[in-house]
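1. No sequence on hand, only this structure:
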């Protein structure tokens, strides 16, 4: 078995997969909501809606932009990644509708065409986020007017000291809309989990005082699989046994 992929051979395989999607999505949506709220409070504090021409430091803008981009990148992957080796709700939907799943008598949520379109739009957004489109070149005014680049001139990289406050307002409006969309899709995921298991989906968030460094072993093992240093389940078991002996 290639550990880079995932096989849906049993109903338990489907449950484990969607369970993981829910765990990942819950943490990221909660953090996204916190950051959107934080941005909203900053906009209110600086009165940027009424005073949209008011300037803010580039550092403030870039800090918010970096945090939002990081979280939306994670959520777009968790919900919309269509790549073969990616964990996503989109991939779950693809597999649960295959004939093999029907043989296992797996029930799933029937989405309306509008809902399907919304889920697919997340996949499209995910693909946009994860590459830099060549259309950016065509969108530049100088390119549209066919202004040639002087190869003898230095390449000027602009660094803005400040941004007009409306940039943050625009960011908030976009992220607020995205947050609501992710919440809608998450609701479908929990409904799908209930259909899959035959029991209500119950999510219990528990506060833990300190996160142990041992949690880093999971991404380390995953990276080992991706780089073919870890090839079998037995390799993973051996890794954990060695860690236990070190303790």
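-> Alright, I've got the coordinates. Every value quoted in this text rests on a predicted model; they were computed, and no experiment measured them.

2. Angles on the backbone of the residue of the chain positioned farthest from its centre, please.
-> Within the chain, the residue lying farthest from the chain centre (Cα atoms, centre = their mean) is residue 152, at 42.2 Å. In terms of degrees, to the nearest 10, the main-chain angles of residue 152 are phi -80, psi -20.

3. can you pull the pLDDT of it?
-> At residue 152, the pLDDT value in this model is 91.

4. who's in contact with it?
-> For residue 152, the contact set (Cβ atoms under 8 Å, 6 or more residues apart in numbering) is empty. Any C-beta I mention is one placed from the backbone N, CA and C, and that applies to glycine too.

5. Residue 111 versus that one, what's the distance?
-> According to Cβ to Cβ, to the nearest Å, residue 152 and residue 111 sit 57 Å apart.

6. again, but for residue 76
-> Taking Cβ to Cβ, one finds residue 76 at 18 Å from residue 111.

7. which of those two has more neighbours?
-> residue 76 (22 against 16; other Cβ atoms under 10 Å).

8. what secondary structure does the more buried one sit in?
-> Taken by DSSP: H, G, I helix; E, B strand; the rest coil, the conformation at residue 76 corresponds to helix.

9. Need the pLDDT of the closest residue to it other than its chain neighbours.
-> Counting by Cβ to Cβ, 6 or more residues apart in numbering, residue 126 is the residue found nearest to residue 76 once chain neighbours are left out, at 3.7 Å. Predicted confidence (pLDDT) for residue 126: 74.

10. Residue 126: how many residues sit nearby?
-> Neighbours of residue 126 (other Cβ under 10 Å): 23.

11. do residue 188 as well
-> The number of residues packed near residue 188 is 17, by other Cβ under 10 Å.

12. For it, list the residues it contacts.
-> Going by Cβ under 8 Å, 6+ apart, residue 188 touches 89, 109, 111, 115, 119.

13. Mark which of those are part of helices, please.
-> Using DSSP state H, the subset of the contacts of residue 188 located in helices is 89, 115, 119.

14. The last one: neighbour count?
-> Same thing as residue 119. Around residue 119 there are 20 other residues, counting by other Cβ under 10 Å.

15. Next, the contact list for it, please.
-> 79-80, 89-90, 93, 111, 185, 188.

16. just curious, which of those is nearest to residue 148?
-> Ranked by distance to residue 148 (Cβ to Cβ), the contacts of residue 119 are led by residue 80 at 39.3 Å.
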